[in-house]
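In: fold the following.
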Amino acid sequence: MDQFIVKPLFGEAGDAVHWYTITNATFWMALAVLCVVLLLIIGTRGRAIVPSRAQSTAELAYGFVYKMVEDVTGKDAIKFFPYIFTLFLFILFSNFLALIPASFSPTSHIAVTAVLALAVFLTVTIVGFVKNGAAFLGLFWVSSAPLALRPVLAVIELISYFVRPVSHSIRLAGNIMAGHAVLKVFAGFAAIAAIAPLSVLAITAIYGLEVLVAFIQAYVFTILTCVYLKDALHPSH
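Out: Numbering: from 1, shown residues only. Coordinates of the predicted model:
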């Protein structure tokens, strides 16, 4: 599990890590942000009728997330599109960059994914109360259920609401960590001559799967954000 250890970027591996220390996690998160900025700057610089590869990629990502927000959350949620689009691209690039050999995966750490999930949770909760006031609490009251069951369901709904950031963060971190751990295990078998060919084939197959997982996990995190935002904007639906 040494590939998941947070270490100072400058200095020895055993040095203490403080809140101000620049670590390998800091570096790879900054690199993900840089990739997002470069994609959007290069992709929108020309704005040609016949788009370049960078412009096509930027437009494809933009259209994909825009349609997701519009379809899942509704047209009145378009004003939150920049935030959701930023989340998607940051997670996507963090996941893809982590597939580079000898790199580091920030999204395999709960400390990173929990901050992202808590930001979504707080945003959704604040928006819900600002837009709907006390009517936002109707999200926890299942009016279609029998009256005797409504208090019980309200407690269950309340618990499930506060569990959202936990499941939201663990899902992303767990899937990324599991995939990288499996890759490391099969890489260890590659040193054994008798099974090295099978190990290389397994690594290739799992690596291809991890490329798919990197995109899927960014998509799942983003679409769940849209679903939660829909609850805040339309608690009675």
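In: ok, Phe80 - how many residues close by?
Out: 19 (other Cβ atoms under 10 Å). In short, each C-beta sits where N, CA and C put it, glycine included.
In: is it true that it touches Leu229?
Out: Yes - Phe80 is within contact range of Leu229, at 6.1 Å (criterion: Cβ atoms under 8 Å).
In: mutual contacts of those two, please.
Out: Listed as contacting both Phe80 and Leu229 by Cβ atoms under 8 Å, 6 or more residues apart in numbering are Thr73, Val127.
In: just the residues contacting stretch 164-179, thanks.
Out: The contact list for stretch 164-179 (Cβ under 8 Å, 6+ apart) reads 4, 91, 95, 98, 105, 107-110, 112-114, 116-118, 120-121, 206, 209-210, 213-214, 217, 220-221, 224, 228.
In: which positions within it qualify as buried?
Out: Across stretch 164-179, burial judged by 16 or more other Cβ atoms under 10 Å covers Arg164, Pro165, His168, Ser169, Arg171, Leu172, Ala173, Asn175, Ile176, Met177, Gly179.
In: show me the shaky parts of this protein.
Out: Within the chain, the stretches with pLDDT under 70 are 1-2, 12-14, 236-237.
In: just how off-centre is the longest helix seen in it within its chain?
Out: Longest helix in the chain, counting residues (DSSP state H): helix 150-189. Mean C-alpha position of helix 150-189 versus that of the full chain (Cα atoms, centre = their mean, to the nearest Å) differs by 12 Å.
In: return stretch 47-62 as PDB; C-alpha atoms alone will do.
Out: Output in PDB follows, covering the C-alpha atoms of stretch 47-62 (Å, rounded to 0.1, in the frame of the first residue of the first chain):
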ATOM      1  CA  ARG A  47     -13.200  28.700 -31.500                       C
ATOM      2  CA  ALA A  48     -13.000  27.600 -35.100                       C
ATOM      3  CA  ILE A  49     -16.000  26.400 -37.100                       C
ATOM      4  CA  VAL A  50     -13.900  23.200 -37.900                       C
ATOM      5  CA  PRO A  51     -12.700  22.500 -34.400                       C
ATOM      6  CA  SER A  52      -9.300  21.200 -33.500                       C
ATOM      7  CA  ARG A  53      -8.800  18.100 -31.300                       C
ATOM      8  CA  ALA A  54      -8.500  20.200 -28.200                       C
ATOM      9  CA  GLN A  55     -11.600  22.200 -29.000                       C
ATOM     10  CA  SER A  56     -13.600  19.100 -29.800                       C
ATOM     11  CA  THR A  57     -12.600  17.500 -26.500                       C
ATOM     12  CA  ALA A  58     -13.500  20.700 -24.600                       C
ATOM     13  CA  GLU A  59     -16.800  21.000 -26.400                       C
ATOM     14  CA  LEU A  60     -17.600  17.300 -25.900                       C
ATOM     15  CA  ALA A  61     -16.900  17.600 -22.100                       C
ATOM     16  CA  TYR A  62     -18.900  20.800 -21.900                       C
END
